[in-house]
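Engineer: What follows is a predicted protein model with its sequence.
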Amino acid sequence: MMQKRHRRGKKKHSNRRRIKKQKKRRKIERRKLMKGKHRKYYAKKMKKKRKKANKKRKRHSGSKGRFK
């Protein structure tokens, strides 16, 4: 009797479509925020995000030496 081989390459349901939809929703929201009186709020929010991202980037950047 032959043994049933384990299917290694079996794909689970891909998450890509869900992510795509999320991205689209975010894009629409961003467009709304860019208009008129929300603009200042949006700019502030983006500044905060950029700051955070830069911090992360710094943390993972190459040669650091001992104290940094």
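Structural biologist: Yep, that arrived.
Engineer: Surely Leu33 and Lys44 touch.
Structural biologist: No: contact criterion CB atoms under 8 Å: Leu33 and Lys44 do not qualify, at 10.8 Å. Heads up, the C-betas are built off the backbone N, CA and C, glycines and all.
Engineer: Who has more neighbours out of those two?
Structural biologist: Set side by side, Leu33 and Lys44 show more neighbours around Leu33, with 15 against 10, by other CB atoms under 10 Å.
Engineer: can you tell me which helix or strand the more buried one belongs to?
Structural biologist: Here Leu33 is covered by helix 16-34, with elements defined by DSSP states H and E.
Engineer: ok, residues contacting that helix?
Structural biologist: By CB atoms under 8 Å, 6 or more residues apart in numbering, the residues outside helix 16-34 that reach it are His38, Arg39, Tyr41, Tyr42.
Engineer: give me the element the second one is part of.
Structural biologist: Assignment of secondary structure by DSSP H and E places Arg39 within helix 39-60.
Engineer: mean confidence score for that helix?
Structural biologist: The average of the pLDDT scores along helix 39-60 is 79.
Engineer: Export it to PDB, keeping only CA atoms.
Structural biologist: This file holds the C-alpha atoms of helix 39-60, laid out as PDB (Å, rounded to 0.1, in the frame of the first residue of the first chain):
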ATOM      1  CA  ARG A  39      -6.000  69.500   5.500                       C
ATOM      2  CA  LYS A  40      -4.300  70.800   8.600                       C
ATOM      3  CA  TYR A  41      -5.300  67.800  10.600                       C
ATOM      4  CA  TYR A  42      -4.100  65.500   7.900                       C
ATOM      5  CA  ALA A  43      -0.700  67.200   7.600                       C
ATOM      6  CA  LYS A  44      -0.200  66.900  11.300                       C
ATOM      7  CA  LYS A  45      -1.000  63.200  11.200                       C
ATOM      8  CA  MET A  46       1.300  62.500   8.300                       C
ATOM      9  CA  LYS A  47       4.100  64.400  10.000                       C
ATOM     10  CA  LYS A  48       3.700  62.100  13.000                       C
ATOM     11  CA  LYS A  49       3.800  59.100  10.800                       C
ATOM     12  CA  ARG A  50       6.900  60.200   9.000                       C
ATOM     13  CA  LYS A  51       8.600  60.800  12.300                       C
ATOM     14  CA  LYS A  52       7.800  57.300  13.400                       C
ATOM     15  CA  ALA A  53       8.900  55.700  10.200                       C
ATOM     16  CA  ASN A  54      12.200  57.600  10.200                       C
ATOM     17  CA  LYS A  55      12.800  56.400  13.800                       C
ATOM     18  CA  LYS A  56      12.300  52.800  12.700                       C
ATOM     19  CA  ARG A  57      14.600  53.300   9.700                       C
ATOM     20  CA  LYS A  58      17.300  54.700  12.000                       C
ATOM     21  CA  ARG A  59      17.000  51.800  14.300                       C
ATOM     22  CA  HIS A  60      17.700  49.300  11.600                       C
END
